[in-house]
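*Asks:* Need coordinates for the below:
(chains A and B)
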There are 2 protein chains.
Amino acid sequence: MTNTLVVEKAKTSKIQDVDFDNLSFGSVYSDHMLVCDYRNGKWEAPKVVPYQPLSLDPSAKIFHYGQSIFEGMKAYKDEAGDAWLFRPLENFKRLNKSAKRLAIPELPEEYFMEGLTTLLQLDKDWIPQNPGSSLYIRPFMFASGTGFHASPADEYKFIICTAPSGAYFSGKVKVLIEENYSRAANGGVGYAKAGGNYAGQFYPTQLAIEKGYNQVIWTDDNSHEYIEEAGAMNVFVRINDTLITGPTSDRILDGITRKSILDIANEEGIATEVRKISVHEVVEAAKTGELKEMFGAGTAAVISPISAFGYKDTDYDLPELQNSYASLLKKRITDIQYNRVADTFGWRYKV
Amino acid sequence: MTNTLVVEKAKTSKIQDVDFDNLSFGSVYSDHMLVCDYRNGKWEAPKVVPYQPLSLDPSAKIFHYGQSIFEGMKAYKDEAGDAWLFRPLENFKRLNKSAKRLAIPELPEEYFMEGLTTLLQLDKDWIPQNPGSSLYIRPFMFASGTGFHASPADEYKFIICTAPSGAYFSGKVKVLIEENYSRAANGGVGYAKAGGNYAGQFYPTQLAIEKGYNQVIWTDDNSHEYIEEAGAMNVFVRINDTLITGPTSDRILDGITRKSILDIANEEGIATEVRKISVHEVVEAAKTGELKEMFGAGTAAVISPISAFGYKDTDYDLPELQNSYASLLKKRITDIQYNRVADTFGWRYKV
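*Replies:* Here you go, the predicted model:
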């Protein structure tokens, strides 16, 4: 217990303005937010305050040197109205892993967990109960300290905002396997949820969107021969009856949905392989019909089936399966998240 | 002419609080700043306003997805009290090159140039006249539009702040040639002045500082066999009497000081080579004594001589030369910048 967590309640709620039946993704924000400042060499006690603008000096290093990291989580409401998180400690650990790589001071666990649960209890009414909806939770940290010297800041902010949200993608996703641009370097920050990893993907993704795709599948920056991840999602490939995903590395995010899917698949008796996947292998399997499914997995996107992929100016359609691994695994993981089945893995966390 | 540039003067000046004889780098800010907003699909007219905090929604994409770029420039005051810029259009062009790669809308040239000169004329007294000092100019652009969807923002801010500054490095610089971490990927954003490129360097640089070095010299992320750049500077190596620097690429910044140095060296009759430099070659040349000099070149650091480099747990000292290329080239470029000699290249720009 931090003991000192201060709560300042909003005078009025904005909740009556929200159309919970037509939620987009991450564009409406709940009444409160958690704010925690790092100053004089330590994280100060977190505060829950009304959602409000941030005031920052123009020389704050966030504007110049990209010292920013984030996490993505969701709160789910069950039929009884109870609220649940999914493996929140995994997000906390990854936040600090990202912090270390970006030279941001690590946060104490109790500041994260107590701050998060206090915030969610206060804004519990903001957790949607509609099917497919949830409260998207965005913890983030950035350099608020000032100066144009290219070195780590001396002050940081850790904030958690929440946003009642619908689906990230509407419908199936068509992807382009990238041959020129790259997401991450060996020895770089690709495994961290660093802001800069995302900005660098926007332009190549725009080019792919102009060609009729929804997302890019990134390949290694050296040979472009191996599939890495889809930027906002890890990628799974089903060849015949085996489910394959690439190993995590310093270029690939250690996705919480990714590893949960692997555990569920193993429990379901689905053969899984964690190994490098070459583009050549996927193209050949598409040609012979052995490529049964591809899907993305991530907190925001949950499991997003891929309907087709493009590579070297050719599109390869994926078959429409009756009982896909994607739909089975999505049902299994969301059943756990929304407290519809027993949680044999111990992943659920009651708010 | 933008015609519509609005100037709101500060009611009082902070200039009397500044000790111009003891300036650090980029930590004191002038009275005014330029602000320009991108909204509804276009850049609005720039405004010069008193230096002041920025108010941003916590969901502004700068905090989450690293959409930020910047430039570094300096204004120099000559003995007559006239103010000069150095190749400002090169900074403008590179800003838009960075903007394109980060999916940020490009800025019209007149907004940049007129905004910059109006700002500098207003804050002319802030340009230091002390030797080695200048007014550091920081143009930057970032995503102010909101939303947790990982896609480009719909609103941006372009801002120019200025800071009277002394030297970036005090004294000679000892560097570590990096063998594990990397700065940039092939097909990535290394050539852009993207905020995220800098944050990713802080942790490996901290590790190097703990070992007694000042800066890291980055190598390619694939083999770590070739020298790339020093993060805040391009790198030059003198082997015997030839001055060598790496070619620009999608991983290496097209430095304005770098290309100016090459032009000056050519005019001085110094043999130059622009080609890949292997670490092996530099180590061997250090062992035989053929490695005469190494230095970094950049707007902030000007020309920073390297006194020693570390590689695989061995330090290699550089000799102390009487008439080094570094000191010759630094004198030549600063003489042009401070209007002490004729500018045969046409690089100076009167404010």
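*Asks:* what about the helices in the stretch 51-200 of chain A?
*Replies:* With DSSP state H, counting those that start in this stretch as the criterion, the stretch 51-200 of chain A has helices at A:62-65, A:88-101, A:109-122, A:195-210.
*Asks:* So which of those helices is nearest A:T344?
*Replies:* Nearest to A:T344 among the helices of the stretch 51-200 of chain A is helix A:88-101; the distance by Cβ to Cβ comes to 17.1 Å. (Glycine included, C-beta is placed from N, CA and C.)
*Asks:* For that closest one, name the packing helices and strands.
*Replies:* strand A:68-70, helix A:109-122, strand A:134-143, helix A:256-267, helix B:195-210 (3 or more Cβ pairs under 8 Å, 6 or more residues apart in numbering or on different chains; DSSP states H and E).
*Asks:* so can I have JSON lines of the ones you listed showing mean pLDDT and distance to A:N240?
*Replies:* Formatted as JSON lines, these follow (pLDDT from 0 to 100; distance: least, Cβ to Cβ, whole Å):
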{"stretch": "strand A:68-70", "mean pLDDT": "98", "distance to A:N240": "37"}
{"stretch": "helix A:109-122", "mean pLDDT": "97", "distance to A:N240": "42"}
{"stretch": "strand A:134-143", "mean pLDDT": "98", "distance to A:N240": "34"}
{"stretch": "helix A:256-267", "mean pLDDT": "97", "distance to A:N240": "14"}
{"stretch": "helix B:195-210", "mean pLDDT": "97", "distance to A:N240": "39"}
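*Asks:* Need the ones you listed in a markdown table (columns: mean neighbour count and distance to A:D21).
*Replies:* Below are these laid out as a markdown table (neighbours: other Cβ atoms under 10 Å in any protein chain shown; distance: least, Cβ to Cβ, whole Å):
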| stretch | mean neighbour count | distance to A:D21 |
| --- | --- | --- |
| strand A:68-70 | 27 | 28 |
| helix A:109-122 | 19 | 22 |
| strand A:134-143 | 26 | 14 |
| helix A:256-267 | 19 | 26 |
| helix B:195-210 | 23 | 38 |
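*Asks:* As TSV, those with distance to B:G166 would be great.
*Replies:* TSV is the format used below for these (distance: least, Cβ to Cβ, whole Å):
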stretch	distance to B:G166
strand A:68-70	29
helix A:109-122	38
strand A:134-143	23
helix A:256-267	47
helix B:195-210	20
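*Asks:* Could you say which one of these comes nearest to B:P128?
*Replies:* Of all the helices and strands packed on helix A:88-101, helix B:195-210 sits nearest to B:P128, with 25.1 Å by Cβ to Cβ.
*Asks:* Next, the contact list for the residue in chain A that chain B sits nearest to, please.
*Replies:* Relative to chain B, the nearest point of chain A is A:G196 (1.6 Å; Cβ to the nearest Cβ). Taking Cβ atoms under 8 Å, 6 or more residues apart in numbering or on different chains as the definition of contact, the neighbours of A:G196 are A:G66, A:S68, A:V189, B:G66, B:V189, B:A194, B:G195, B:G196, B:N197, B:A199, B:G200.
*Asks:* same thing but 7 Å
*Replies:* With contact taken as Cβ atoms under 7 Å, 6 or more residues apart in numbering or on different chains, A:G196 is in contact with A:G66, B:G66, B:A194, B:G195, B:G196, B:N197, B:A199, B:G200.
*Asks:* What of A:F148?
*Replies:* A:S59, A:H64, B:F25, B:G26, B:Y136, B:R138, B:A163 are the contacts of A:F148 under Cβ under 7 Å, 6+ apart.
*Asks:* Apply 8 Å and report the result again.
*Replies:* Taking Cβ under 8 Å, 6+ apart as the test, what A:F148 contacts is A:S59, A:H64, B:F25, B:G26, B:S27, B:G72, B:Y136, B:R138, B:A163, B:S165, B:A300.
*Asks:* quick one, what contacts the second one?
*Replies:* Right, the one you point to is A:H64. When the contact criterion is Cβ under 8 Å, 6+ apart, the partners of A:H64 are A:F148, A:A150, B:S68, B:F70, B:R138, B:F140, B:G195, B:Y198.
*Asks:* taking the mean pLDDT, what do you get for stretch A:268-286?
*Replies:* Stretch A:268-286 shows a mean pLDDT of 98 in the predicted model.
*Asks:* typo on my end, stretch A:88-96
*Replies:* Predicted confidence along stretch A:88-96 averages 98 (mean pLDDT).
*Asks:* can you list the residues that contact the helix or strand A:V235 falls within?
*Replies:* Using DSSP states H and E, A:V235 sits within strand A:234-239. Taking contacts as Cβ under 8 Å, 6+ apart, the residues outside strand A:234-239 that touch it are A:217, A:227-229, A:243-246, A:252-253, A:255, A:257-258, A:261, A:277, A:281-282, A:285, A:290-298, A:325.
*Asks:* which element follows it toward the C-terminus?
*Replies:* strand A:242-245.
*Asks:* Can you list the helices and strands that that following strand packs against?
*Replies:* If you count contacts as 3+ Cβ pairs under 8 Å, 6+ apart, strand A:242-245 packs onto strand A:234-239, helix A:256-267, strand A:271-274.
*Asks:* re earlier: which of the contacts of strand A:234-239 fall within strands?
*Replies:* A:I217, A:L243, A:I244, A:T245, A:L291, A:K292, A:E293, A:M294, A:F295, A:G296, A:A297, A:G298 (DSSP state E).
*Asks:* so which of those residues comes closest to B:G269?
*Replies:* Nearest to B:G269 among the ones in strands among the contacts of strand A:234-239: A:I217, at 51.7 Å, using Cβ to Cβ.
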